[in-house]
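> Quick one: sequence plus predicted model below, questions after.
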Number of protein chains: 2
Amino acid sequence: MRDVAVVGVGMQEWGELWGKSTRDIFVESALLAMDDAGVDQLGAMYVGSMSPGIFAAQEHLESVMADYLGQLPIPATRVESACASGGLAFRLAYVNVASGMHDVVLAGGIEKMTDVSGGEATHALSTAADMKWEGVSGVTFPGLYAMLAVAHMERYGTTREQLAMVSVKNHENGYSNSRAQFRMKITVDQVLDSVKVADPLNILDCSPITDGAAAAVLMPLEMAKKLGKPIIQVIGTGHATDTIALHDRADLTTLRAVTEAAKQAYAMAGKQPADIDLVEVHDCFTIAEIIVSESLGFFEPGKGGPAVEAGETARTGRIPINPSGGLKSKGHPVGATGVAQIVELVEQLRGQAGERQVKDARVGMAQNMGGSGGSSVVHILEVK
Amino acid sequence: MRDVAVVGVGMQEWGELWGKSTRDIFVESALLAMDDAGVDQLGAMYVGSMSPGIFAAQEHLESVMADYLGQLPIPATRVESACASGGLAFRLAYVNVASGMHDVVLAGGIEKMTDVSGGEATHALSTAADMKWEGVSGVTFPGLYAMLAVAHMERYGTTREQLAMVSVKNHENGYSNSRAQFRMKITVDQVLDSVKVADPLNILDCSPITDGAAAAVLMPLEMAKKLGKPIIQVIGTGHATDTIALHDRADLTTLRAVTEAAKQAYAMAGKQPADIDLVEVHDCFTIAEIIVSESLGFFEPGKGGPAVEAGETARTGRIPINPSGGLKSKGHPVGATGVAQIVELVEQLRGQAGERQVKDARVGMAQNMGGSGGSSVVHILEVK
C-alpha cells in the first residue's frame, strides 16, 4: 500500500446555519479544502453523514454533493457509523488512496441538525443507540453517558468538578477558534449550576446540536511532496466496534472500541501514547473525554479526572486534548466531527493554528466515536 | 493491488418477514455466506443499507450487525448510495481485500421495509430523489421512472407491450427461484390490465417493497485457490454518479452513471459486452431494465425494447438478463439488492443455479443503481 498525505483541509464556521442548505454547507468546506490542496479535480470522494434521511429527508447525499461540487461522474460514497461517520469517511479515503485506486480523494463530513425540532433531533440521534434494547426504553444519549459517568465516579472517585473542568478547558480552547459554535469562557460553577439533563450531567457537560461540515483532501505521499508545503502524513489508522447496548459490556468504565482502534493505529504508526503531541477526542459529553483519554492510553484507568484537574490536558499541558475546543465548544454536527478533528490536526501540525497553536506539535491523534462507544475510529498524523 | 475472489454467498427467502427483526434477517444471510466460504472469523465487514434510520429507527447498523454476527471488535462500515448501497458495499469490500488491508471480508446488504406504513416507506424511498427539486414537488419514484419511460417511448417507439414483457420475463425467471418474493407467472395482458401507478407504468411494472438481506465473503485469489472449490474472481468494478434531479440531465433516454460505471468495469476486466454471459440489472421498474440494457452496451440506443420482444434477454436468449427474477419478482429490499445480484452471479458461475441455470455461464455482470440513476455500481465476475 502507498503512503498517504493530507494536502488540503477546509471548514467554515459552525452553528445554527438556517440561511444555508445542507449542500451549500458541504460544498463551501469542500471547496476550501480543494483550494488549500490546489486541486480542482477529484478521483473519488467519501461523505460521512449520520442521518441525513431524518435530518434533511435526503439520503443518496454523496451523489448530490458530487454534483454540486462539480465532480460528476466520479465515484462518491456515503459512509455512516453514527457520530463516527466523519472519521470513517477519512479512513475509507485513506484506504482508497493507499490501495492505488485513485490519486486525489476528498473526505468530507456533513450534518445539518437544526432544521428539525428538538424532539426530532433527539430521535435522530437516538438511532445511534441500540433501538431494540435501549431506544425502546426511552433512554437517549445524555442518559447513556450519565450511566458511564456514574460507573466511573463510583469506581474511581472521579468528581463532579472534574467533569466540569473538561468543559471549562474546552470552552477556553474554543474561545480562540473562529469557527466554534460557542465561543465563550465558562467557569466550573457555571457548569455545576447549569440545568440538569441526566444526573450527573448538566447542559454544560453536553455537546450541542450543530450545523456544519468539514473536508480534507488526500493524495499519495510522493505526489504531495511536489506541492512545496509541509507534508502531513497519515501514519496510523484504526477502526473497531463494540456492543452498542451498554448492558452487554463487561465494563462501563472503559471503551473497548476506542482501545482497540487506538491499538491498531499505534501499531501501524510505530508510536506510543508518549509520542503524541496533541489529541482531538470525541467529547460528546464531559465524561466521554475522561474515559477516552484513559482508553487511548494517555492515563491509567481512573486517572483521567485528576489529569484534567492538574491541567495536564490543557493546551499548554503534558498532552493537550481538544485544542480546537472539542465537540463541546466547537459544536457537534455529528457526521462532520471526525473530519473536523483532522482539520485541526493538520492546522496544528503545519503550525497554522494561531492562538490555538500547540507548541512543537509534530504528531497528532484524532479519535472519533459512534454512539456510546459502539464504534470508534482513530488516526495518527505526522508532519514530515 | 491483489486479485480478489468471492468464496461464499448467502441469502434467505425474501418477502414480508414480519416475524424477524432487521438483525435476524441480516445475520441469517451472513452466516449462510460464511458457512459457504468455510470461515468463522472476518477481518472486516461492509453493510449496505439505504435508510435503516427511517425504516427501523436504527442507524449505526454496522456495529449492531458485527455484534450479532459474533465478530466484535472488527471494523464494520455502513455504506449508502440509495438503492445502490449493496453494490457499493461489495465494491468497498473488494477494495479492502485488494488493498491488502484485510484478508477475509464480508459484504452484506439489508433492508426491512414492511415494518412502516406504505406512506412512510414511500417517503423513505423518496429521499433517494433530489429532495430540494423533486421531492418537494411531490414526485416519487414511479413518477420519475414514468418520465424516463415517456421519453424513451417518444424518441425510440418503445411500446407499452415491450415494457410489460420485461415484467413477464422476470416473473418467468423468478418462478423457479425459491427465495423470490413473488413466484408467479404473469402475462402481458395482466401487466397491461394491472392498476395504474404513474402513466405509463402499472403496478406490475414496479418492483415491490421487501424485507431481505444478502451477503458475500471475499478473500485474496491466492487464498481462495486453497479452498478446493470453483474460483469466482472479481475481474471488474466500476462506480459513477450523475445528477439526481432529472431536469439537470441532457438526455432522459440513457443513464450516464450506468454507462460510466460499466466503462470502468469493462476496462478493468478487459471485456466487452459480447463477452458477458449473463447480467443481473437493476429493474426497479420495467423501463429501467430496457434503458440499462442499452447503457451497458448490450443493445444500441432504442433497441432494448425490441430485444426483449425478440426474446434476446430471456434465460435462453443471446444475453440473459435477470435470470434470478430481478427486482421485479425476487423483490427489492433496497440495501440488499446489489449483494443479491452478486449471489446470483456466483451461483450461476459455479453452475449451482438449478432450474435458473444459464448454460455455459463463465462471465457475469451485476449492475446496481441508486435512485433514478444518480449513482450506479457495476461488477464483472468470472469463473476461473
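Received, thanks. Numbering: from 1, shown residues only, chains lettered A, B, ... in the order given.

> Please identify the nearest residue in space to the single nearest residue of the stretch 1-150 of chain A relative to chain B, excluding sequence neighbours.
Going by C-beta to the nearest C-beta, chain B is nearest to A:Ser99 of the stretch 1-150 of chain A, at 3.3 Å. Bear in mind the C-beta positions are built from the backbone N, C-alpha and C, glycine included. Spatial nearest neighbour of A:Ser99, excluding adjacent residues (C-beta to C-beta, 6 or more residues apart in numbering or on different chains): B:Ser99 at 3.3 Å.

> wait, isn't that neighbour in contact with A:Arg91?
No - taking contacts as C-beta atoms under 8 Å, B:Ser99 lies outside contact range of A:Arg91: 11.9 Å.

> More neighbours: the two, which one.
Higher neighbour count among B:Ser99 and A:Arg91: A:Arg91, with 29 against 20, using other C-beta atoms under 10 Å in any protein chain shown.

> List the contacts of the more buried one.
A:237, A:239, A:377, A:379 (C-beta atoms under 8 Å, 6 or more residues apart in numbering or on different chains).

> Find the nearest non-adjacent residue to the second one, please.
Spelled out, that is A:His239. Ranked by C-beta to C-beta, 6+ apart and with sequence neighbours excluded, the top spatial neighbour of A:His239 is B:Pro75, at 3.8 Å.

> Quick check: that neighbour touching B:Val47?
No - the pair B:Pro75 / B:Val47 is not scored as a contact, 11.6 Å apart, by C-beta under 8 Å.

> rewinding a little: list buried residues within the contacts of A:Arg91.
Among the contacts of A:Arg91, those buried by neighbour count (16 or more other C-beta atoms under 10 Å in any protein chain shown) are A:237, A:239, A:377, A:379.

> could you dump those to a markdown table with secondary structure and pLDDT?
Converted to a markdown table, those look like this (DSSP: H, G, I helix; E, B strand; the rest coil; pLDDT from 0 to 100):
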| residue | secondary structure | pLDDT |
| --- | --- | --- |
| A:Thr237 | strand | 98 |
| A:His239 | strand | 98 |
| A:Val377 | strand | 98 |
| A:His379 | strand | 98 |
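
> Show me which pair in the residues you listed is furthest apart.
Using C-beta to C-beta, the buried ones among the contacts of A:Arg91 span at most 9.5 Å, a distance reached by A:His239 and A:His379.

> Quick check: phi and psi on the residue nearest to A:His239?
Main-chain torsions, B:Pro75, degrees, to the nearest 10: phi -60, psi 130.

> Against B:Ala37, how distant is it?
According to C-beta to C-beta, to the nearest Å, B:Pro75 and B:Ala37 sit 19 Å apart.

> Between those two, point out the one with more neighbours.
A direct count of neighbours by other C-beta under 10 Å for B:Pro75 and B:Ala37 places B:Pro75 higher, at 31 against 25.

> Return the per-residue confidence for that one.
pLDDT for B:Pro75: 98.

> What's the first helix or strand after the lowest-mean-pLDDT helix or strand in chain A?
The weakest-scoring helix or strand in chain A, judged by mean pLDDT, DSSP states H and E, is helix A:118-126 (a mean of 94). Of the helices and strands lying after helix A:118-126 in sequence (DSSP states H and E), the nearest is helix A:141-156.

> Dump that next one to PDB, restricted to CA.
Extracted in PDB, the C-alpha atoms of helix A:141-156 (Å, rounded to 0.1, in the frame of the first residue of the first chain):
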ATOM      1  CA  PHE A 141     -27.600   9.800  24.900                       C
ATOM      2  CA  PRO A 142     -27.400  12.100  27.900                       C
ATOM      3  CA  GLY A 143     -28.800   9.200  29.900                       C
ATOM      4  CA  LEU A 144     -26.500   6.600  28.400                       C
ATOM      5  CA  TYR A 145     -23.400   8.800  29.100                       C
ATOM      6  CA  ALA A 146     -24.700   9.600  32.600                       C
ATOM      7  CA  MET A 147     -24.600   5.900  33.300                       C
ATOM      8  CA  LEU A 148     -21.000   5.800  32.200                       C
ATOM      9  CA  ALA A 149     -20.300   8.800  34.400                       C
ATOM     10  CA  VAL A 150     -21.900   7.200  37.500                       C
ATOM     11  CA  ALA A 151     -19.900   4.000  36.900                       C
ATOM     12  CA  HIS A 152     -16.600   5.900  36.600                       C
ATOM     13  CA  MET A 153     -17.300   8.100  39.600                       C
ATOM     14  CA  GLU A 154     -18.200   5.100  41.700                       C
ATOM     15  CA  ARG A 155     -15.200   3.000  40.800                       C
ATOM     16  CA  TYR A 156     -12.500   5.700  40.600                       C
END
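
> What distance do you get for the spatially most central residue of chain A to chain B?
Centroid-nearest residue in chain A: A:Gly338, 3.3 Å away (criterion: C-alpha atoms, centre = their mean). Taking C-beta to the nearest C-beta, to the nearest Å as the measure, A:Gly338 falls 13 Å from chain B.

> Let's see whatever helix or strand that residue lives in as CSV, backbone CA atoms only.
Secondary structure assignment for A:Gly338, by DSSP H and E: helix A:334-350. The C-alpha trace of helix A:334-350 is given here as CSV (Å, rounded to 0.1, in the frame of the first residue of the first chain):
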residue,chain,number,x,y,z
VAL,A,334,-22.3,14.5,14.0
GLY,A,335,-21.2,13.4,10.5
ALA,A,336,-18.7,16.3,10.3
THR,A,337,-17.0,16.0,13.6
GLY,A,338,-14.5,13.3,12.7
VAL,A,339,-13.3,15.2,9.6
ALA,A,340,-13.1,18.5,11.6
GLN,A,341,-10.7,16.7,14.0
ILE,A,342,-8.4,16.1,11.0
VAL,A,343,-8.7,19.7,10.0
GLU,A,344,-7.5,20.7,13.5
LEU,A,345,-4.6,18.3,13.4
VAL,A,346,-3.4,19.5,10.0
GLU,A,347,-3.6,23.1,11.0
GLN,A,348,-1.7,22.3,14.2
LEU,A,349,1.0,20.2,12.6
ARG,A,350,1.5,22.8,9.9
